[in-house]
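J.: sequence unknown, structure follows:
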């Protein structure tokens with residue numbers, strides 16, 4: 001170590017004293033002891049003391065192609081040398097123009113228009129603002145309410161947080177309650193005892209129909225839905241739910257916004273999951289995360305030709321006054337293009353389809369543990385939900401599982417009584433077994449401590 005290079009202990013102290021992390025618990029935010037990640041390669045992370053971890057959450061659902069890609073570094077550096085930035089308000093660039101074309105070649109239906117953002121939150125913001133703009137343009141200023149769902153997560157800007165439904169997050173932030181209505185939980189795990197999944201689906205579709213009847217279709221502008229509610233606990237709605245709710249929206253002139261910030265770019269084995277997996281062609285798709293595999297921040301909202309036509313007005317020069325300093329950033333676009341090239345050239349989406357059945361089989365087997373209430377997922381998304389008698393016990397159980405996994409060399413994302421994981425898409429069959437072998441050992445330890453077995 002160089003004389004002027006701070007020690008690991010010093011860095012951790014500076015972090016505790018000066019850096020505020022996302023979702024910090026404000027009763028103990030200076031006492032956090034986050035893993036100090038020093039380097040990464042493939043699906044692995046190393047901390048400052050050289051301990052290796054499997055990166056179970058793929059960063060934050062995003063490092064699709066894994067870590068340490070030299071050609072990504074080169075593509076980013078080359079673009080920095082050529083053109084690091086130009087104003088997106090008055091200029092365009094080669095990488096952003098090519099990227100927009102490559103994205104719409106992979107989207108369903110008439111989603112042929114890409115608005116680049118800084119990440120998923122601003123993509124959702126832009127989608128909602130587009131709906132507002134469109135309905136103002138069409139002379140429907142009352143048609144602005146967004147229908148969302150309990151346990152959904154759509155971002156942390158004011159608008160995207162407003163339409164997020166993680167009801168167990170204790171928040172002191174304001175939201176605009178007049179703009180949103182929430183549907184009840186769609187998780188099949190929560191259905192009443194004795195109710196079939198098919199009847200549960202009927203009930204969940206009826207929830208939407210009742211909401212529209214109660215509020216009035218003339219006041220509802222959009223329905224926003226993650227194909228899989230990721231941060232809400234990898235909630236997979238019942239089969240047919242998305243198609244049926246899409247049809248209800250179309251029958252009531254309500255825009256369907258598919259929030260694919262987590263599922264796009266291969267998480268379920270396809271570029272986009274809306275049509276390929278769930279059989280719908282939404283009016284807008286939001287994406288981010290896997291767009292660049294997390295190497296550079298970037299997001300996008302992809303908008304249908306029909307919506308854009310309704311926004312246009314040949315008789316009035318009204319600006320679509322939404323945008324960001326870093327919209328279509330040339331370096332981010334170059335990273336996204338290289339990311340898409342790697343995904344395609346190496347057959348990484350095909351790898352997801354190949355390893356997912358084994359991943360889901362190992363996941364389902366975790367239901368054998370008494371402390372596990374549900375083990376669910378799809379593609380390379382998984383969640384184990386622990387059973388406990390109350391919220392405090394659930395928090396303790398979730399922390400115990402997280403600590404045991406970390407001790408054994410696996411990072412998971414703890415969500416109260418749940419542990420979620422979505423590894424890099426390059427994961428092999430053998431690495432899937434390594435991940436679940438650690439999970440089984442961790443659950444064995446925790447169950448022994450909780451039940452005294």
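T.: Yep, it's here. Because the structure is a prediction, the values reported are computed rather than measured. Residues are numbered from 1 along each chain as shown.

J.: Only C-alpha atoms from now on, for both contacts and neighbour counts.
T.: Will do.

J.: For the closest residue to residue 211 other than its chain neighbours, which residues are in contact?
T.: Using CA to CA, 6 or more residues apart in numbering and skipping the chain neighbours, the partner closest in space to residue 211 is residue 183 (7.6 Å). Residue 183 makes contacts with 147, 148, 149, 150, 207, 208, 211, as judged by CA atoms under 8 Å, 6 or more residues apart in numbering.

J.: so what's residue 183 scoring on pLDDT?
T.: Reading off the confidence values, residue 183 has pLDDT 97.

J.: do residue 313 as well
T.: Note on residue 313: pLDDT of 85.

J.: Now name the helix or strand holding it.
T.: Under DSSP states H and E, no helix or strand contains residue 313.

J.: likewise residue 113?
T.: In the assignment (DSSP H and E), residue 113 maps to strand 111-117.

J.: next structured bit after that strand?
T.: helix 120-137.

J.: for the helix or strand just after that following helix, packing partners?
T.: Remark: after helix 120-137, the chain's next helix or strand is strand 145-149, criterion DSSP H and E. Contact partners of strand 145-149 among helices and strands, from 3 or more CA pairs under 8 Å, 6 or more residues apart in numbering; DSSP states H and E: strand 180-183, strand 220-225.

J.: and the angle from the helix or strand that comes right after the last one to strand 220-225?
T.: By that I understand strand 220-225. Moving toward the C-terminus from strand 220-225, the next helix or strand (DSSP H and E) is helix 241-251. Angle between the axes of helix 241-251 and strand 220-225 is 170 degrees (criterion: axes from the mean of the first three to the mean of the last three CA atoms, to 10 degrees).

J.: Flag every buried residue along helix 241-251.
T.: Using 16 or more other CA atoms under 10 Å as the test for burial, helix 241-251 gives 241, 242, 243, 244, 245, 246, 248, 249.

J.: from these, which is closest to residue 111?
T.: Nearest to residue 111 among those: residue 246, at 15.6 Å, using CA to CA.

J.: What separation is there between the closest one and residue 228?
T.: Computed as CA to CA, to the nearest Å, the residue 246 to residue 228 distance reads 15 Å.

J.: Quick check: bridge partners of the residue lying closest to residue 288 once chain neighbours are set aside?
T.: Leaving out its chain neighbours, the residue that sits closest to residue 288 by CA to CA, 6+ apart is residue 299, at 3.9 Å. With DSSP bridges as the criterion, residue 299 is bridged to residue 117.

J.: isn't residue 230 right up against residue 259?
T.: No. Using CA atoms under 8 Å, residue 230 makes no contact with residue 259, being 10.4 Å away.

J.: The two: who's more crowded?
T.: residue 259 (29 against 26; other CA atoms under 10 Å).

J.: Sketch out the low-pLDDT regions of the protein for me.
T.: 1-3, 168-170, 453 (pLDDT under 70).

J.: Could you break it into its assigned domains?
T.: As given by automatic domain parsing, the domain ranges for the chain are 35-65+346-451, 72-345.

J.: Any chance of those domains in a markdown table with distance to residue 12 as columns?
T.: Formatted as a markdown table, those follow (distance: least, CA to CA, whole Å):
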| stretch | distance to residue 12 |
| --- | --- |
| domain 35-65+346-451 | 7 |
| domain 72-345 | 23 |
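
J.: OK, contacts around residue 161?
T.: Here residue 161 is in contact with 153, 154, 155, 175 (CA under 8 Å, 6+ apart).

J.: among the residues you listed, who's most crowded?
T.: residue 154 (31 neighbours).

J.: That residue: what secondary structure?
T.: coil (DSSP: H, G, I helix; E, B strand; the rest coil).

J.: Phi, psi for it please.
T.: Backbone torsions of residue 154, given as degrees, to the nearest 10, read phi -120, psi 0.

J.: Roughly how far does it sit from residue 403?
T.: 28 Å.

J.: what does residue 7 give?
T.: Computed as CA to CA, the residue 7 to residue 403 distance reads 25 Å.

J.: do the same with residue 223
T.: 38 Å.

J.: How about the spatially most central residue of the chain: what's its closest non-neighbour residue?
T.: Central residue of the chain (CA atoms, centre = their mean): residue 262, 3.1 Å from the mean position. Of all residues not flanking residue 262 in the chain, residue 61 sits nearest, at 6.2 Å (CA to CA, 6+ apart).

J.: So the residue nearest to the centre of the chain sits against residue 287, correct?
T.: Yes. Taking contacts as CA under 8 Å, residue 262 lies within contact range of residue 287: 7.3 Å.

J.: Contacts only, for residue 174.
T.: Per CA under 8 Å, 6+ apart, neighbours of residue 174: residue 158.
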